[in-house]
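> need the 3D shape of this:
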Amino acid sequence: MAPEARIKTLLKNSATALCAGVVALSSFSLGAEAARRHYRSHHHHLPELAAHPPRALPYPQLPLPFEISGAQYLPLAWADVKGWSEDDHLAAYKTFRASCKSINAQSGAAEPKALGASLNEPCRAAKSLDLSDDAKAKAFFEQNFAPLRISRLGEPDGFVTGYYEPVLEGSRTQTDVFNVPVYRRPSNLFVRGYKQDSVSLPNKGPVYRKIGRRKLVPYYDRGEIEDGKIAGRGLEIAWLKDPTDLLFAQIQGSARIKFDDGGTVRLNYDAYNGYPYTAVGRILIERGIIPKEEMSMQKIREWMAQNPDGAKELRRQNRSYIFFREVNLSDKDEAVGAQGIPLTAGRSIAVDKSLHVYGTPFFIEGELPIDSERSKTPFHRLMIAQDTGSAIIGPARADLYFGAGQEAGRVSGRLRHPMHFVMLVPKGIDPAARAARLPVPDPRPSEKIARLFPQTDKAEEQAFQPK
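Residues are numbered from 1 along each chain as shown. Now for the predicted structure:
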């Protein structure tokens, strides 16, 4: 039989199957339609086949439970979370419950973040549970959350650093010894969308200097401020001995300043000048001054003390500058994080506020040099997001808070390590539960039907894809 006659016979015999099959085979519809167009263009005398409306997909359009930009996640069973059973869950629960006080007091629309208002439900449950038993605290997390391994897209692990609250010597007045000013926020600093007297302005985005009633220009950078651009305006909260002390207080975002008369002032972040943070440690590594594997806060301090002129130039590479406000805290109180509650040493973390909601629990696991610079101390701990920082960027990036003083500074200053991150997701938006609601896909078509509707090559198929 001639090829043309065979094609005519095939089409006649399969017309009925085509009418029923095109609707049932949405995955092959583009190839079949392309074949019909090709055949009609060369054989105009053949009858047109009736057009069939595209089949609606049977899968419901379920909204994503949450989405974190640039992240990849993997649902886990609790048994697969390494170190979970060995943690002090009661300590984590008390820290989580402290965050819940702030969450329970919130009103209005939820934040447009991944978890949104989903923490409200476990926080309501925690409000009436003043637990004192570790097993019950562990059960609380397992009953109210699902573990989700999280990392930056394409990377296996997250990354942690450490921070602390410096305790510094200072003076209420300028002297020959204490001559480095600690500034409060200037009145001419302006951030769009915020009142000038708002507490704790954002640590990202543009910041302006207001000239007159309307003109806005970028605010002074670190070099200009150190050269005295805002000096003599009554903005000095206190005076320190060393500009390196001020730099590290600004990096940490808080400080305690002790005076000769026995008094203390507690400082917290209040605003910044609009320039992105530049890590001075990274510059020292790039210049070959300190090897990457030896980098620590202590190494930076030692180099700056030995090279005062170089230290001045290095500081100014970080054009970002932090302004502080006084807070009413006793020496026994921990520093207050961006969530507005006192942090818990060893349990509070700073996260990327553009991606995460305060109060989110993260289980962080790996090895850290806690005991000494070269030690590999096992670290498996449930931490609570209660703070943020301009250098904390990404879905699996955290700054671990270690408390106040020199020892906390030594430990936090040597942390720059990859770690496993498991985010605890409230059961209300558990992605595994959502996946269980999806129907089973249609059965695969038979080989006979598939031969009737051959697939086009990729180039032709893409040409008919909707733009």
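> pLDDT value on Ile68, please?
You'll see Ile68 listed with a pLDDT of 87.
> residue contacts, it?
When contacts are counted by C-beta atoms under 8 Å, 6 or more residues apart in numbering, Ile68 is found next to Ala114, Ile150, Leu355, His356, Pro395. Just so you know, the C-beta spots here come from the backbone N, C-alpha and C atoms, and that holds for glycine as well.
> what about 10 Å?
113-115, 148, 150, 152-153, 352, 355-356, 394-396, 423 (C-beta atoms under 10 Å, 6 or more residues apart in numbering).
> what about it, distance to Phe421?
Relative to Phe421, Ile68 is positioned 11 Å away (C-beta to C-beta, to the nearest Å).
> returning to what we had before: among the contacts of Ile68, name the buried ones.
Among the contacts of Ile68, those buried by neighbour count (16 or more other C-beta atoms under 10 Å) are 113-115, 148, 150, 152, 352, 355-356, 394-396, 423.
> mind putting those residues in CSV, distance to Arg222, pLDDT and secondary structure included?
Converted to CSV, these look like this (distance: C-beta to C-beta, whole Å; pLDDT from 0 to 100; DSSP: H, G, I helix; E, B strand; the rest coil):
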residue, distance to Arg222, pLDDT, secondary structure
Lys113, 31, 74, coil
Ala114, 33, 74, coil
Leu115, 35, 84, coil
Leu148, 39, 93, strand
Ile150, 34, 95, strand
Arg152, 29, 94, strand
Asp352, 23, 94, coil
Leu355, 27, 92, coil
His356, 28, 93, coil
Gly394, 25, 94, coil
Pro395, 29, 95, coil
Ala396, 30, 96, coil
Met423, 35, 96, strand
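> farthest pair in those?
By the measure C-beta to C-beta, Leu115 and Arg152 form the most distant pair in the buried ones among the contacts of Ile68, at 17.9 Å.
> which residues touch stretch 193-203?
185-191, 205, 207, 210, 253, 268-272, 274, 277, 320, 322-323, 325, 336, 338, 340, 353-354, 388-392.
> mind redoing it with 6 Å?
Val191, Asp270, Ala271, Tyr272, Ser390 (C-beta atoms under 6 Å, 6 or more residues apart in numbering).
> distance from that stretch to the middle of the chain?
Distance of stretch 193-203 from the chain centroid (C-alpha atoms, centre = their mean, to the nearest Å) equals 21 Å.
> now do stretch 262-278
The gap between the average C-alpha position of stretch 262-278 and the chain average comes to 22 Å, counting by C-alpha atoms, centre = their mean.
> measure Asp134 to Ala385 for me?
When Asp134 is compared with Ala385 (using C-beta to C-beta), they lie 22 Å apart.
> if you count surrounding residues, which of the two has more?
Neighbour totals were compared for Asp134 and Ala385, and Ala385 leads with 26 against 15 (other C-beta atoms under 10 Å).
> and the one helix or strand the more buried one maps to, what does it pack onto?
Taking DSSP states H and E as the definition, Ala385 sits inside strand 377-388. For strand 377-388, the elements it packs on are helix 89-104, strand 348-351, strand 361-368, judged by 3 or more C-beta pairs under 6 Å, 6 or more residues apart in numbering; DSSP states H and E.
> quick one, which of those gets closest to Thr173.
strand 348-351 (33.1 Å).
> ok, and what's touching that closest one?
Looking at what lies outside strand 348-351 - C-beta under 6 Å, 6+ apart - the contacts are Met383, Ala385, Gln386, Asp387, Thr388, Gly389, Ile392, Ala398, Asp399, Leu400, Tyr401.
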